[in-house]
Structures are given as C-alpha cells and as structure tokens.
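A.B. asks: what would the 3D arrangement of this be:
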Amino acid sequence: MRLRAPHQIGRARRRTKDEHFARIHVPRTRIERLVAGHTGVSADTAMRLARVFGTTPEYWMNLRRAWDLAQARQSVDVSDIEPLAAA
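C.D. replies: Residues are numbered from 1 along each chain as shown. You can find the predicted model right below:
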C-alpha cells in the first residue's frame with residue numbers, strides 16, 4: 001500500500017506542480033517521494049507543509065508516524081515475545 005496523502009494535497013494539485021514546489025522551497029522529488037510513500041516527513045518538510053496548508057508541523061509528522069505504525073501492525077508478528085514481568 002502507498003501512503004495516502006491528506007485531502008489538502010489533492011487541493012494543491014490544482015496548482016501547477018512547479019508553482020507548488022517553488023512555494024514551499026523544496027525540490028519536486030522530495031514531495032513526490034513523500035506522497036509515494038518512499039520517504040518519511042522530515043521536520044523541515046513538516047514545517048513547510050504546515051505553513052502552506054495552515055496546519056501544524058506535528059500534524060505532518062504524526063501522519064507519517066501513524067502510517068508507519070499501521071504498516072508495522074500488518075507485517076510484524078510479536079505474538080511469540082513474552083512481556084517482562086513487573087518487579
């Protein structure tokens with residue numbers, strides 16, 4: 001599965017790509033890799049996206065964190081790990 005971009009990115013696609021990337025001062029490939037799910041959201045990118053979309057940097061960082069955790073829950077088997085006993 002690929003990272004599904006939030007609805008704000010869909011609205012941003014109405015602009016030309018070059019205009020959008022120039023607006024947030026990042027290389028086009030950075031956002032393309034992010035939307036494709038090939039890279040995480042850096043603090044730098046989160047701050048830029050938050051500014052342009054009127055959200056918070058935490059929103060963008062948490063979006064990727066939640067995606068990574070959802071993927072891990074589907075692929076990582078921890079059923080054979082014994083929890084530590086409380087002392």
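A.B. asks: quick check: which element contains the residue nearest to I24 when sequence neighbours are not counted?
C.D. replies: Nearest residue to I24, sequence neighbours excluded (Cβ to Cβ, 6 or more residues apart in numbering): R48, at 4.2 Å. Every residue, glycine included, has its C-beta placed from N, CA and C. R48 is located in helix 43-53, with elements delineated by DSSP states H and E.
A.B. asks: average model confidence for that helix?
C.D. replies: Mean pLDDT, computed over helix 43-53, is 90.
A.B. asks: mean confidence for the next helix or strand after it?
C.D. replies: Note on helix 43-53: by DSSP H and E, the next helix or strand toward the C-terminus is helix 57-75. Mean per-residue pLDDT for helix 57-75: 91.
A.B. asks: quick one, what contacts the residue nearest to I24?
C.D. replies: 24-26 (Cβ atoms under 8 Å, 6 or more residues apart in numbering).
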